[in-house]
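> below: sequence and its predicted model.
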Protein chains: 2
Amino acid sequence: MKVFIRPKIEEWPLLLQRPENDLSDLFATVQSILFEIKTKGDEAIIKYSKQFDGYGSPVMQVSQSEIDKACMLVSNELKDAILKAKQNIETFHKSQRIKTTVIETQPGVRCWQESVAIEKVGLYIPGGTAPLFSTVLMLAIPAKIAGCKQIILCTPPNNKGEINPAILYAANLIGVDKIYKIGGVQAIGAMTYGTDTVPAVSKIFGPGNKYVTAAKQWVSLKDVAIDMPAGPSEVLVMADESADAAYVAADLLSQAEHGADSQVIFITTSEHLVTEVNNEIDLQLNQLPRKDAAMGALGNSRAILLNSLDEMIELSNSYAPEHLILALNDAEKVAQKITNAGSVFIGHYTPESAGDYASGTNHTLPTHGYAKAYSGVNLDSFIRKITFQHITPEGLKDIGPVIEKMAEAELLEAHKNAVTLRLAKLNQ
Amino acid sequence: MKVFIRPKIEEWPLLLQRPENDLSDLFATVQSILFEIKTKGDEAIIKYSKQFDGYGSPVMQVSQSEIDKACMLVSNELKDAILKAKQNIETFHKSQRIKTTVIETQPGVRCWQESVAIEKVGLYIPGGTAPLFSTVLMLAIPAKIAGCKQIILCTPPNNKGEINPAILYAANLIGVDKIYKIGGVQAIGAMTYGTDTVPAVSKIFGPGNKYVTAAKQWVSLKDVAIDMPAGPSEVLVMADESADAAYVAADLLSQAEHGADSQVIFITTSEHLVTEVNNEIDLQLNQLPRKDAAMGALGNSRAILLNSLDEMIELSNSYAPEHLILALNDAEKVAQKITNAGSVFIGHYTPESAGDYASGTNHTLPTHGYAKAYSGVNLDSFIRKITFQHITPEGLKDIGPVIEKMAEAELLEAHKNAVTLRLAKLNQ
C-alpha cells in the first residue's frame, strides 16, 4: 500500500480516486447478444452458453434430483453454519417490515402507503473462483420475506453442466422457485425478456463480471429494474491508537482478496500503526491462497496518516466506502457522524466478514461512491410502496378549490374540470 | 377512444401495449453534449442554453431580487392554495419517517439501519407550456423533510431569461438553496458533473422532455442516481355501474391533456357506461384549451368492456398503471387487491388531480409499467438506509465459527482469517 503522510485536504480527491468504472465500451457487444436473446429466445441462450461457459443444453432448469444430490454433498457443518446465518439474516430483514399508517392529511382526505412485494424477481449468482452461496442467502431471504411470488435464480454451470452444491443447497433451503444453469449476459437477457424456458422478471439482483454488469446497466435503461449500479468491492478502515495492527491488516486483506480491481483504504491518526499494519499485511499475505488477487488490489490501495479524528470522519464521508470499519476507541460515537457508507462495522471485534456472511445485515452494498445516493440491498429492494388515497364528498368540498386554483395556474384545465364537475354536483 | 368488447385474456397484451419508449437513438447526441459540459463546464452550458432556449448568460443563478419580485407577482389566492397543498404534502411525507430499531440478531450481535439524507440533490423542473410549480412542491418538500443539505433546482428560462413566478415562489417557500436558469441536457450535465457555477449532486429528480430523459438515463449508468426511468404519463380508470360518466370522462381527459404521447385506459363492466363516457369525452373535450394534446392521447387510448370485477383487477395489475382510479361501489375493498400501480385513487370523489396537487401524496410516479418494480417518489427517495453493526467479544466467539466455515467454503481465506486472528486472541 502506498503511504501518504498528512496530505492537505486539497490533495484528498486525487488520493481517493477510484479506478475508472466505464463499461460503455462493452455496450455494443452486450447489446447485440441481448438483442439476439430478445428475438431468438432459448436458441440464443444455448448458443452463447456453449460459447462462453463451454456448456449449452436445452435442459436449462436444475432438476429436483440434482438439487437433492447437491444437498447430500454439502457437509453437515456447512449446513449448520448456513442455517445459523439464515436465521440472523431473516431476523434482521424481517425487522425492516413497515406497518401501514393511514394519514388523514385534512378532514375527509386519507392517504397511505402499502408495501407490496415485487411479483417476479431474478437473482444472478456468478460462477468463477468463489462459489457465492452467501449471496444466495442475501438476495433470496429478503425476497422471500417481502413476499415475492416468483423467485428465479441463474448461475453459470461448469463445462460439465454442474453447479456448486452449496449454491443449490442454499437456494433450495430458502425456497427459490426455479434455478437455471445460465450465466453471463445470457442470464441477464433471459430474465429481462423471458424465453420459452425462463420467465421474464421485473427486477434483477446480484453481482457479476463486467459483461454481466454492462448488460444489467443496459437493460436497466428501460426494460427491467436492477438492484444498483456496480463497481469493484472496497473497504475503508479507520483506526486510532487503540487498534490492533493484525486485525486491521486482516480486514484490509479480506477485502483485497476479492480481486485485483478491489480497493482498500486505511486511514489512521497513529503514525506507528501505518508501519505495523504494512508489516502485518506482508506477513499475512504470504499465507493467502488468493495472494495474487490481493496483491493486485493493494496496488490500488492507500494508507493515509491524518491529523485528527475529525479529519478521518471527513475523509471517509467524502469517499463513501462500501464497507467502513471503525477500529476506534470511541467507535460507537463516531458511527453517529457517518453520513456516506454502505455498511459500517463498529469496534475491534466486528470484522467485515461478519456482515459478509452471518451477522444479519446484507452484503450487497453500493460500491464506487454510490453510497452517496444508494442504499444496500434491504427489504425495500423487493417491495414497492404504492400510495392510496380516499376523499369523502365533504373532503373534496374543502380541498377542491385548492386543486382548482393550482390546476388553473398550471394551465391544466382538464385537471381543474375533474374537480369542478364533482363540486357542482355536490353543491346542487 | 377505440372500444373493445369483452376481449379474451390472450388479447390483453396487445390491447395494453404502450407506445415504444426507446430513447437510445438520442444517446449519441446527448452524450456529446454531456461530454462537452463535463470538460468545458459553464462555457458549454452557456453555449447550449443560447442554442436551445434562446437565452444564455454567464449569470445563471436566480438572484434574491428576482425571487422577491416573483413572489410579489403571484396572487394571494394562488399563494394560499400552494400553502394548503404544502401543508398536506408535508404531513404525508413526514409520516414516512422511520424510527431506527436496533436488532440483536443473536447475543452480542447488534444490527441496525439509519436513515440518512442524501446530502446533495438536484431538481429539474421543465419549462414549456405548463409551469409545473406543483412538481417543485413534490420534490423539494420531501428533500427538505429528509434533511438534504443542499437542494438545487434547474429550470429553463424563456428567451428573456425569465422563469415563471409561481415556480420561483414555490422553490423559495420550501427552501430550495439555489435556483439556476438552465434547462434541458445542459441542466442534467451541470448537476451531474458540476461546473464553476453549479455544484454536482448525488441524485437528480424531475420530469422532462425526451432529451432530458435520455440524458438522465445516460448519466444514471454510472455518474449519478436518478429518481426513476420515465415514460409518458398514463391513467387507468376502473368503473362499474355506480360510476358517473361525466366524472370518468373528466378523469380520463385530465390525463390526456398532458400530451399526445399520454395513454388513458378505461375499463368497465357496464356496457352503457362505455357509450356514455365516450359521449361525455366528446362534450368536455371541446371546451379544453389543450384539446389537441388530449385528442392525440385519445388516439393511443382504449375503452375495454370486461366480464367481471375480477377481470378488471387482473387486467389493471397486468398493465401496472401510473395512476389508477377506482370508480367502483366497493372501491376500498378492491384497493386491497391492487398489486401493481403507482398511485391509487379510491371512490367517486377522489379525482387524480387531487393527488397531482394537494391531497398530500406524491405525483412523481412510475409510468410505462415501471410500477411493477419501482415506487413513486417518497421520503425514501431522498435517504439511504445505512446499516451498522456492533459485535462484542462474546458475540464474536459465538458467531465466529459460522463465519469461518462459510468463508472457507467460499474459498475466501482472508475473510476467514479476519475472524480466526481475533478468536485466537480472545481465547488466549
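Looks like it came in fine. None of these values were measured; they are calculated from a predicted model. Residues are numbered from 1 along each chain as shown, chains lettered A, B, ... in the order given.
> please name the residues that touch the closest residue to residue A:36 other than its chain neighbours.
Spatial nearest neighbour of residue A:36, chain neighbours left out: residue A:44 (4.3 Å); criterion: CB to CB, 6 or more residues apart in numbering or on different chains. Just so you know, the C-beta spots here come from the backbone N, C-alpha and C atoms, and that holds for glycine as well. Contacts for residue A:44 were tallied using CB atoms under 8 Å, 6 or more residues apart in numbering or on different chains; they are A:33, A:36-37, A:186, A:189.
> between all of the residues you listed, which two are separated the most?
A:36 and A:186 (9.5 Å; CB to CB).
> shared neighbours, these two?
Listed as contacting both residue A:36 and residue A:186 by CB under 8 Å, 6+ apart are A:44, A:48.
> by neighbours, which of the contacts of residue A:44 wins?
If you count neighbours using other CB atoms under 10 Å in any protein chain shown, the busiest of the contacts of residue A:44 is residue A:186, which has 32 neighbours.
> pretty sure residue A:136 sits against residue A:179.
No. When contacts are counted by CB atoms under 8 Å, residue A:136 is not listed as touching residue A:179 (9.6 Å).
> hey, which helix or strand in chain A has the poorest pLDDT?
Sorting the helices and strands of chain A by mean pLDDT, DSSP states H and E puts helix A:291-299 at the bottom, at a mean of 89.
> buried residues, that one. List them.
Of the residues in helix A:291-299, A:291, A:293-294, A:296-298 count as buried by neighbour count, 16 or more other CB atoms under 10 Å in any protein chain shown.
> ok, stretch A:146-156 next?
Within stretch A:146-156, the residues scored as buried using 16+ other CB under 10 Å are A:146, A:148, A:150-156.
> from the residues you listed, which are also near chain B?
When the buried residues of stretch A:146-156 are checked against chain B using CB under 8 Å from any CB of the partner chain, none falls in range.
> quick one: which of the contacts of residue A:44 sit in helices?
Using DSSP state H, A:33, A:36-37, A:186, A:189 are the members of the contacts of residue A:44 that sit in helices.
> now, which of these sits nearest residue B:164?
Of all the ones in helices among the contacts of residue A:44, the one sitting nearest residue B:164 is residue A:189; the distance, using CB to CB, is 44.7 Å.
> ok, that closest one touching residue A:34?
Yes. Counting by CB under 8 Å, residue A:189 touches residue A:34, with 4.7 Å between them.
> got any residues that touch both of the two?
A:215, A:219.
> verify the stated contact: residue A:126 with residue A:209.
Yes. With contact defined as CB under 8 Å, residue A:126 and residue A:209 form a contacting pair (6.6 Å).
> what residues does the stretch 51-200 of chain A put near chain B?
Checking the stretch 51-200 of chain A against chain B by CB under 8 Å from any CB, the hits are A:77-78, A:80-82, A:84-85, A:87-88, A:91-92, A:95-96, A:98, A:101, A:103, A:105-106, A:109, A:111, A:113, A:116, A:118-119, A:129-134, A:166.
> how does it look with 6 Å?
Counting by CB under 6 Å from any CB of the partner chain, the residues of the stretch 51-200 of chain A close to chain B are A:77-78, A:81, A:84, A:88, A:91-92, A:95, A:101, A:103, A:105, A:109, A:111, A:116, A:118, A:130, A:134, A:166.
> now intersect the residues you listed with the helices, please.
A:77-78, A:81, A:84, A:88, A:91-92, A:134, A:166.
> going through those residues, which ones are buried?
Members of those classed as buried by 16+ other CB under 10 Å are A:78, A:81, A:84, A:88, A:91-92, A:134, A:166.
> ok, the most centrally placed residue in chain A - contacts?
By CA atoms, centre = their mean, the mean C-alpha position of chain A lies nearest to residue A:364, the distance being 3.1 Å. Neighbouring residues of residue A:364 by CB atoms under 6 Å, 6 or more residues apart in numbering or on different chains: A:138, A:376-377.
> can I assume residue A:372 is in contact with residue A:320?
Yes. Under the criterion of CB atoms under 6 Å, residue A:372 makes contact with residue A:320 at 4.8 Å.
> what do those two both touch?
Any residue near both residue A:372 and residue A:320 by CB under 6 Å, 6+ apart counts here, and that gives residue A:340.
> and those two? which has more neighbours close in?
More crowded of residue A:372 and residue A:320, by other CB under 10 Å: residue A:320, with 27 against 23.
> could I get the pLDDT score of the more buried one?
According to the predicted model, the pLDDT of residue A:320 comes to 98.
> one more: residue A:129?
Per-residue pLDDT puts residue A:129 at 68.
> helix or strand for residue A:4, which one?
When secondary structure is defined using DSSP states H and E, the element that contains residue A:4 is strand A:2-5.
> show me how far that strand is from its chain's centre.
Going by CA atoms, centre = their mean, to the nearest Å, the spacing between the C-alpha centre of strand A:2-5 and its chain's C-alpha centre is 31 Å.
> so where do the helices sit in the stretch 251-400 of chain A?
With DSSP state H, counting those that start in this stretch, the ranges of helices along the stretch 251-400 of chain A come out as A:271-285, A:291-299, A:309-319, A:331-335, A:352-357, A:393-409.
> now tabulate those in a markdown table and tack on distance to chain B.
Output for the helices of the stretch 251-400 of chain A, formatted as a markdown table (distance: least, CB to the nearest CB, whole Å):
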| stretch | distance to chain B |
| --- | --- |
| helix A:271-285 | 7 |
| helix A:291-299 | 7 |
| helix A:309-319 | 9 |
| helix A:331-335 | 6 |
| helix A:352-357 | 4 |
| helix A:393-409 | 4 |
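> which one of the ones you listed is the most hemmed in?
Looking across the helices of the stretch 251-400 of chain A with neighbours counted as mean count of other CB atoms under 10 Å in any protein chain shown, the highest average goes to helix A:352-357: a mean of 28.
> CA atoms only: put it into PDB for me.
Output in PDB follows, covering the C-alpha atoms of helix A:352-357 (Å, rounded to 0.1, in the frame of the first residue of the first chain):
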ATOM      1  CA  GLU A 352     -16.300  -7.000   7.700                       C
ATOM      2  CA  SER A 353     -16.600 -10.800   7.200                       C
ATOM      3  CA  ALA A 354     -19.300 -10.900   9.900                       C
ATOM      4  CA  GLY A 355     -21.600  -8.800   7.700                       C
ATOM      5  CA  ASP A 356     -20.500 -10.600   4.600                       C
ATOM      6  CA  TYR A 357     -21.900 -13.900   6.000                       C
END
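> great, nothing more from me.
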